[in-house]
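can't give you the sequence, but here's the structure:
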């Protein structure tokens, strides 16, 4: 498990991101009024298995909660994370419009 990741929101590129060993791991998102749509999670193959995607998803959901945004989880990874973490179900909005 990777520790102390510097995860941040990059609004200019519409992504939540972190760099590990100089490589970008990210969740792409789109905003609509009152909603954040998580589109795709990407972790480079050489960084897989280190818990990075889970930490990104946790950060992304906490960010949505802080910003009072409903989450539209298009991304399969975020969908699976939500199934494993029912404490975030109150954030989920299944309509993408």
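On my side now, so go ahead. Predicted model, so just to flag it, every value in this text is computed and none were measured.

partner strands of the longest strand along the chain and their direction?
Assignment by DSSP state E gives strand 23-32 as the longest strand of the chain. Strand 23-32 sits in its sheet next to strand 15-20 (antiparallel), strand 35-42 (antiparallel), going by DSSP bridges.

list the buried ones in it?
25-29 (16 or more other C-beta atoms under 10 Å). Any C-beta I mention is one placed from the backbone N, CA and C, and that applies to glycine too.

show residues contacting the lengthiest helix in the chain.
In the chain, taking DSSP state H as the definition, the longest helix is helix 52-66. Residues outside helix 52-66 that contact it (C-beta atoms under 8 Å, 6 or more residues apart in numbering) are 2, 5, 7, 9, 16, 18, 20, 25-27, 29, 36, 38, 41, 43, 70-71, 77-78, 81-82, 85, 88, 91.

now that helix: buried residues?
Buried residues in helix 52-66, defined by neighbour count with 16+ other C-beta under 10 Å: 52-57, 59-61, 63-64.

again, but for stretch 41-48
Here stretch 41-48 shows 41, 43, 47 as buried, counting by 16+ other C-beta under 10 Å.

dump the strands paired with strand 23-32 into TSV; add mean pLDDT as well.
Output for these, formatted as TSV (pLDDT from 0 to 100):
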stretch	mean pLDDT
strand 15-20	98
strand 35-42	98
